[in-house]
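Chemist: Got a sequence here, can you build the structure:
(one chain, ligands or ions: 1)
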Amino acid sequence: MKLHGTMEVKDNTLYIGGVSTMDLAKRYKTPLYVFDEELIINNCREYKKYFKVEENNNKIAYAGKAFLPKYMCNIINKEGLYLDVVSLGELYTAYKSNFPMEKILFHGNNKTIEEIKMGVDFGVGVFVVDNFYELDILESFCRDKNKIQNIYFRVTPGIDAHTHKYIKTGQIDSKFGFALTNGDFYNAVNKLKDYPHLKLVGIHAHIGSQIFEVEPYEEEVDVMFNLVKTLKDEYDIEIKEVDFGGGIGVYYTESDKPKTIKEFCEKIIDKCEKKCKELKINMPSLILEPGRSLVANAGSTLYSIGSIKDIKDVRTYVSVDGGMTDNIRPSLYQAGYECAVVNKMNNPKTSHKVTIAGKCCESGDILISNTSILDIESGDVLITTSTGAYGYSMASNYNKIPKNPVVFVNKGEDKLVCKRQSLDDLLYLEL
Ligand code: PLP
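Modeler: From the prediction side, this is the model:
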């Protein structure tokens, strides 16, 4: 198992942020999400440094869908990042965390009337307008409030990134954005003449998630900067901001070979500079919206091992006290993970091939298939790493299993930032 961020092994035990994971499991019980605060902060700073946030007025907008407790909003704010939200709930979380509303980008392919209204009332910085329906409603709210709202248009750029079909979004057959090929994008631009309360300041595209190659992003730069030039030359619209979305891939298992934040940012910036020169246009302010690459490797999940079922010559199932309710990704899109027993990190014994199963009543509730693990017993504490993105945020109460608590660790201290749901919490909404 690869050690991420501040992870280290002392006396055969795994520590994160200077705190023993065995102590965390005892104190907070399992299953438990543990976040390495230092790694999140370092990732924020790397993005800011290598995406030239200070020099070119570029922006890093954290994609809150990856993981958004209020505590995370506070870190993002303190580090000077912007925030991308996609729902009333995410917007409200940011609002309740005193996150500056002008630093919010409001996304979504079907914002409800209530969401659009709340976004306008709260004063979000930018609406990333996805379709004609939203355009009409937004204009009418802004007219009622006599307010000019900055908007980006979400473009479907026609780029097919090599990733799982559930997390690719840039191809033409997509529910997101205005397509370029069928003229929708230009129809939307033309409509703006009759929409005086909407100011098009930027364009946005998001081509998918867990992408390792830079080439699709370079293609995206070509498409987006060509658009900037066309809008200037043919529509006299100055696009000041170009948002390339998120999607930068991370390490889950040995088969993943991600680029560093530095490599990725430098390549994108380099391509943007070349393209601007080629088209003879001014460099707009550039935006990236990383979600996964800011938090995935910083998060881990601790489980207790219960039943171990050995089916001779077939498989050994090692069952844990969580599963698809706290990590849906393996069931949803066959995502891979690494694991280890946290109090037996250096055991010299031979390894066994096992399958780590969750406790839900679904045969598909398998967290890791056919992984090698050292000497394992019921009662041991197992860690799965890189569960920081789309784990807690996609958690469910299937089988009426309460959601795990979230603990942040940093410099030898641990801090509970989300409590475990209680059994009464599960019944809270029931009349
Ligand atoms: N921006 C937009 C518009 C998205 O839809 C997403 C993910 O779905 C992201 C950013 C974040 O992507 P990732 O977490 O892969 O960086």
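
Chemist: How about the residues of the stretch 151-300 of the chain by the ligand?
Modeler: Residues of the stretch 151-300 of the chain that fall close to the ligand, judged by Cβ under 6 Å from any ligand atom: 206, 209, 245, 246, 247, 248, 289, 290, 291, 292, 293. To be clear about C-beta, it is placed using only N, CA and C from the backbone, and glycine gets the same treatment.

Chemist: Turn those into a markdown table, columns for neighbour count.
Modeler: As requested, those are exported to a markdown table (neighbours: other Cβ atoms under 10 Å):
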| residue | neighbour count |
| --- | --- |
| 206 | 27 |
| 209 | 26 |
| 245 | 29 |
| 246 | 24 |
| 247 | 28 |
| 248 | 27 |
| 289 | 28 |
| 290 | 28 |
| 291 | 25 |
| 292 | 26 |
| 293 | 26 |
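
Chemist: Show me which pair in those is furthest apart.
Modeler: Maximum pairwise distance in those, criterion Cβ to Cβ, is 13.5 Å, between 206 and 293.

Chemist: list residues touching both of those two?
Modeler: residue 246 (Cβ atoms under 8 Å, 6 or more residues apart in numbering).

Chemist: Any chance of a markdown table for the residues of the stretch 151-300 of the chain next to the ligand, columns pLDDT?
Modeler: Shown next, in a markdown table, are these (pLDDT from 0 to 100):
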| residue | pLDDT |
| --- | --- |
| 206 | 95 |
| 209 | 92 |
| 245 | 97 |
| 246 | 97 |
| 247 | 96 |
| 248 | 96 |
| 289 | 98 |
| 290 | 98 |
| 291 | 98 |
| 292 | 98 |
| 293 | 98 |
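
Chemist: Out of those residues, flag the one nearest to residue 66.
Modeler: residue 291 (3.3 Å).

Chemist: Could you verify my assumption that the closest one touches residue 68?
Modeler: No: counting by Cβ atoms under 8 Å, residue 291 does not reach residue 68; the two are 9.4 Å apart.

Chemist: Any buried residues in the strand of greatest length in the chain, and which?
Modeler: In the chain, taking DSSP state E as the definition, the longest strand is strand 299-311. Using 16 or more other Cβ atoms under 10 Å as the test for burial, strand 299-311 gives 299, 300, 301, 302, 303, 304, 305.

Chemist: Do a quick rundown of the helices in the chain.
Modeler: 21-28, 37-50, 53-56, 70-78, 88-96, 113-122, 132-145, 184-191, 215-235, 261-279, 292-295, 329-333, 423-427 (DSSP state H).

Chemist: for the stretch 51-200 of the chain, which spans come out with low pLDDT?
Modeler: 161-171 (pLDDT under 70).

Chemist: Most proximal residue of it with respect to the ligand?
Modeler: residue 63 (3.4 Å; Cβ to the nearest ligand atom).

Chemist: So what's the residue count around the closest residue to residue 152 other than its chain neighbours?
Modeler: Residue nearest to residue 152 in three dimensions, not counting chain neighbours: residue 202, with 3.9 Å by Cβ to Cβ, 6 or more residues apart in numbering. Each residue near residue 202 was counted by other Cβ atoms under 10 Å, and the total is 22.

Chemist: how about the strands in the stretch 251-400 of the chain?
Modeler: 285-288, 299-311, 315-320, 339-341, 351-357, 366-374, 381-385 (DSSP state E, counting those that start in this stretch).

Chemist: Tell me the helices and strands packed up against the last one.
Modeler: What that stands for is strand 381-385. helix 21-28, strand 299-311, strand 339-341 (3 or more Cβ pairs under 8 Å, 6 or more residues apart in numbering; DSSP states H and E).

Chemist: Also the first one?
Modeler: Judged by 3+ Cβ pairs under 8 Å, 6+ apart, the packing partners of strand 285-288 are strand 59-63, strand 241-243, helix 261-279.

Chemist: Quick check: buried residues in that strand?
Modeler: For strand 285-288, by 16+ other Cβ under 10 Å, it's 285, 286, 287, 288.

Chemist: Touching, the second one and residue 53? I think so.
Modeler: No: using Cβ under 8 Å, residue 286 is not in contact with residue 53, being 9.3 Å away.

Chemist: Comparing the helices and strands packed on strand 285-288, which comes out most buried?
Modeler: Mean neighbours per residue, mean count of other Cβ atoms under 10 Å, is largest over those for strand 59-63, with a mean of 27.

Chemist: So what touches it?
Modeler: Contacts for strand 59-63 (Cβ under 8 Å, 6+ apart): 44, 47-48, 51, 53, 72, 76, 81-84, 103, 105, 241, 243, 246, 285-292, 294.

Chemist: The same query, at a cut-off of 7 Å, please.
Modeler: 47-48, 51, 53, 76, 81-84, 105, 246, 285, 287-291, 294 (Cβ atoms under 7 Å, 6 or more residues apart in numbering).

Chemist: same thing with stretch 21-29?
Modeler: By Cβ under 7 Å, 6+ apart, stretch 21-29 touches 13-15, 32, 34, 302, 342-343, 381, 383, 405, 407, 414, 416.

Chemist: From these, which one has the minimum pLDDT?
Modeler: Lowest pLDDT of the contacts of stretch 21-29: residue 343, 91.

Chemist: Spit out the contact partners of that one.
Modeler: 12, 13, 22, 380, 381.

Chemist: what number of residues lie near residue 351?
Modeler: If we define neighbours as other Cβ under 10 Å, then residue 351 has 12 of them.

Chemist: roughly how far apart are the nearest residue to it once chain neighbours are set aside and the ligand?
Modeler: In space, and not counting its chain neighbours, residue 351 is closest to residue 372: 4.3 Å by Cβ to Cβ, 6+ apart. Noted for residue 372: a distance of 28 Å to the ligand, by Cβ to the nearest ligand atom, to the nearest Å.

Chemist: thinking again about what came up before, can you pull the contacts of the closest residue to the residue of the stretch 51-200 of the chain closest to the ligand other than its chain neighbours?
Modeler: Excluding its sequence neighbours, the residue lying closest to residue 63 (Cβ to Cβ, 6+ apart) is residue 291, at 3.2 Å. Residue 291 is in contact with 62, 63, 65, 66, 246, 389, counting by Cβ under 7 Å, 6+ apart.

Chemist: Could you report the separation of the residue of the stretch 101-250 of the chain found nearest the ligand from residue 34?
Modeler: In the stretch 101-250 of the chain, the residue found nearest to the ligand is residue 246; the distance is 2.8 Å by Cβ to the nearest ligand atom. Separation of residue 246 from residue 34 (Cβ to Cβ, to the nearest Å): 23 Å.

Chemist: Residue 262 now?
Modeler: Using Cβ to Cβ, one gets 26 Å for the distance from residue 262 to residue 34.
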